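Visitor: mind folding the following:
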Amino acid sequence: MIPLASPDIGADERERVLDVLDSGQLADGEEVRAFEREFARYCGTEHAVATTNGTTALHAAFEALGVGEGDAVVTTPFSFIASANSIVHAGAEPVFADVEPSTLTLDPDRVEEVLAQRDDVAAILAVHIYGMPAAMGRLRALADEHDVALVEDAAQAHGATHEGDPVGSLADAACFSFYPTKNMTSGEGGMITTDDGALADRAARFCDHGRTVEYRHGEVGHNFRMTSLCAAIGRAQLEKLPEYNLARRGNAAYLTEHLAGTSVETPTEPDGRTPVYHQYTVRSDHRDLLESHLADHGVSSAVYYPLPIHEQPAYPDVDVSLPVAERAAGRVLSLPVHPDLSVADLEAVVDAVERFEHSERVPEPAANEGRVDS
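Guide: Here you go, the predicted structure:
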């Protein structure tokens with residue numbers, strides 16, 4: 001079976017972890033500070049604050065921004081639920097705006113509509129879904145016009161760029177995840193990047209029980225501190241990230257070229273946005289049948305995400321229609337695109353999709369399907 005993800009943990013990661021074990025400094029320490037400096041440099045920001053995972057990074061960022069009870073945050077319904085949960089954890093309300101049909105990232109036109117209707121919005125949370133940067137230029141302009149904060153959820157987009165600038169440097173704060181299937185990993189872990197030193201200090205303090213000095217706590221915080229063991233893995237992976245992303249983009253280009261003759265819709269790259277393909281996600285009217293067919297032919301695939309957040313049982317009081325996200329949730333299917341794929345693997349993925357086109361599983365089109373009424 002060709003896997004959908006293949007975390008690459010090599011000799012360098014093992015050696016660095018052993019060094020940390022030998023040092024006896026297993027929890028927070030200088031290894032974490034070094035990872036923060038190196039990640040900030042990679043993103044082109046002044047500061048970075050390491051956390052335990054991407055969700056805690058988002059939670060701490062909202063706390064540091066002062067977003068809380070009585071505030072609303074405009075965000076996308078088409079993401080992992082952590083995007084919205086982090087807003088709730090901070091005490092605020094997620095308000096969902098629909099996504100762009102082409103990229104499935106937050107649609108600035110829909111965000112503008114929400115901003116015109118509400119006076120309690122304190123922030124916009126853009127998600128770079130699948131590694132595709134959101135339309136940050138227009139979102140930045142909207143945030144400035146309405147005097148609200150702009151936050152990036154870059155959990156899936158390490159190394160992606162928008163108009164040549166790296167994600168992580170495009171908002172008041174940005175948040176990353178280092179879960180094992182991400183473009184780089186630290187085992188588990190997260191990171192906040194920002195150019196705002198005061199914001200970085202508040203986030204770091206919140207992640208450390210509100211500690212100001214030894215055994216003095218200025219506020220109630222959490223223990224969201226990254227361990228040195230995770231930082232050691234992260235530092236080794238960060239050095240490999242450019243190579244990983246280059247391989248992902250090459251694999252995506254191959255798939256887009258060779259799936260062009262099939263019925264699946266392949267990803268597009270808008271001008272000025274350079275994605276890093278955390279996922280290579282196609283769309284199909286026969287998504288579930290295609291997923292089953294691929295499994296039968298040795299190709300792993302998965303649906304990210306089958307139910308938009310506003311339709312999740314965890315959000316029973318949300319009553320809104322978001323047709324682009326809802327339609328996408330029924331059609332998206334992610335194919336293998338990770339750096340370890342061989343040419344033979346890519347050929348096998350394409351071959352399996354092509355075979356599906358001619359299989360008995362594909363329903364015959366209805367008599368009037370495809371007709372355009374005048």
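Visitor: residue 229 and residue 20 touch, don't they?
Guide: Yes. Residue 229 lies in contact with residue 20 (C-beta atoms under 8 Å); the separation is 5.5 Å. For glycine as for every other residue, the C-beta is placed from the backbone atoms N, C-alpha and C.
Visitor: now do the shared contacts for the two.
Guide: residue 26 (C-beta atoms under 8 Å, 6 or more residues apart in numbering).
Visitor: helices or strands up against the longest strand belonging to the chain?
Guide: The residue-count maximum for a strand in the chain (DSSP state E) belongs to strand 121-127. Contact partners of strand 121-127 among helices and strands, from 3 or more C-beta pairs under 8 Å, 6 or more residues apart in numbering; DSSP states H and E: helix 54-65, strand 72-75, helix 82-89, helix 108-117, helix 136-145, strand 149-153.
Visitor: tabulate these (JSON lines), appending mean pLDDT.
Guide: Formatted as JSON lines, those follow (pLDDT from 0 to 100):
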{"stretch": "helix 54-65", "mean pLDDT": "98"}
{"stretch": "strand 72-75", "mean pLDDT": "98"}
{"stretch": "helix 82-89", "mean pLDDT": "98"}
{"stretch": "helix 108-117", "mean pLDDT": "98"}
{"stretch": "helix 136-145", "mean pLDDT": "98"}
{"stretch": "strand 149-153", "mean pLDDT": "98"}
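Visitor: burial check on residue 283, number of neighbours?
Guide: Using other C-beta atoms under 10 Å, residue 283 has 17 other residues around it.
Visitor: what segments of the stretch 201-350 of the chain are helices?
Guide: Using DSSP state H, counting those that start in this stretch, the helices of the stretch 201-350 of the chain run over 228-258, 287-296, 323-329, 343-357.
Visitor: by contact count, what packs against the second one?
Guide: Going back to what we said before, that points to helix 287-296. When contacts are defined as 3+ C-beta pairs under 8 Å, 6+ apart, helix 287-296 sits against strand 332-335, helix 343-357.
Visitor: got the CA positions of the first one in PDB?
Guide: Okay, so that is strand 332-335. C-alpha atoms of strand 332-335 as PDB (Å, rounded to 0.1, in the frame of the first residue of the first chain):
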ATOM      1  CA  VAL A 332     -12.500  16.300  -1.600                       C
ATOM      2  CA  LEU A 333     -10.000  13.400  -1.500                       C
ATOM      3  CA  SER A 334      -6.300  13.700  -0.700                       C
ATOM      4  CA  LEU A 335      -3.800  11.500  -2.600                       C
END
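Visitor: elements contacting it?
Guide: strand 280-283, helix 287-296.
Visitor: run through who's touching the first one.
Guide: Right, strand 280-283. Contacts with strand 280-283, where a contact means C-beta under 8 Å, 6+ apart, come from 104, 130, 251-252, 255, 259, 264-267, 304, 328, 331-337.
Visitor: in ChimeraX, select just the buried ones from those residues.
Guide: Selection of buried members from the contacts of strand 280-283 for ChimeraX, criterion 16 or more other C-beta atoms under 10 Å:
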select :104,130,251,252,255,259,264,266,267,304,328,331,332,333,334,335,336,337
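Visitor: pLDDT of stretch 118-127, averaged?
Guide: Average pLDDT, stretch 118-127: 98.
Visitor: so what's residue 289 up against?
Guide: Counting by C-beta under 8 Å, 6+ apart, residue 289 makes contact with 356, 361, 362.
Visitor: go again with 6 Å.
Guide: Applying C-beta atoms under 6 Å, 6 or more residues apart in numbering to residue 289 gives the contacts residue 361.
Visitor: repeat that for residue 51.
Guide: 57, 60, 190, 207, 224.
Visitor: which of the residues you listed has the most neighbours?
Guide: Using other C-beta under 10 Å as the neighbour criterion, residue 57 leads the contacts of residue 51 with 33 neighbours.
Visitor: go ahead and confirm it touches residue 190.
Guide: Yes. Contact status for residue 57 versus residue 190: in contact at 3.5 Å, counting by C-beta atoms under 6 Å.
Visitor: tally of neighbours for residue 70?
Guide: Using other C-beta under 10 Å as the criterion, the residues surrounding residue 70 number 10.
Visitor: now tabulate the helices and strands packed on strand 121-127 in JSON lines and tack on distance to residue 309.
Guide: Formatted as JSON lines, the helices and strands packed on strand 121-127 follow (distance: least, C-beta to C-beta, whole Å):
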{"stretch": "helix 54-65", "distance to residue 309": "14"}
{"stretch": "strand 72-75", "distance to residue 309": "8"}
{"stretch": "helix 82-89", "distance to residue 309": "5"}
{"stretch": "helix 108-117", "distance to residue 309": "15"}
{"stretch": "helix 136-145", "distance to residue 309": "18"}
{"stretch": "strand 149-153", "distance to residue 309": "12"}
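Visitor: still on that earlier bit, can you say which of the helices and strands packed on strand 332-335 is packed in most?
Guide: Stretch with highest mean neighbour count among those: strand 280-283 (a mean of 23; mean count of other C-beta atoms under 10 Å).
Visitor: kindly export that strand (C-alpha atoms) in CSV.
Guide: Taking C-alpha atoms only, strand 280-283 is exported to CSV below (Å, rounded to 0.1, in the frame of the first residue of the first chain):
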residue,chain,number,x,y,z
TYR,A,280,-2.6,17.0,-2.6
THR,A,281,-6.4,17.2,-2.7
VAL,A,282,-8.5,16.4,-5.8
ARG,A,283,-12.3,16.8,-6.1
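Visitor: what about it, average pLDDT?
Guide: Across strand 280-283, pLDDT averages out at 98.
Visitor: sorry, back to before: list just the one of the helices and strands packed on strand 121-127 that sits closest to residue 237.
Guide: helix 54-65 (15.0 Å; C-beta to C-beta).
Visitor: what's the angle from that closest one to strand 149-153?
Guide: Angle between the axes of helix 54-65 and strand 149-153 is 170 degrees (criterion: axes from the mean of the first three to the mean of the last three C-alpha atoms, to 10 degrees).
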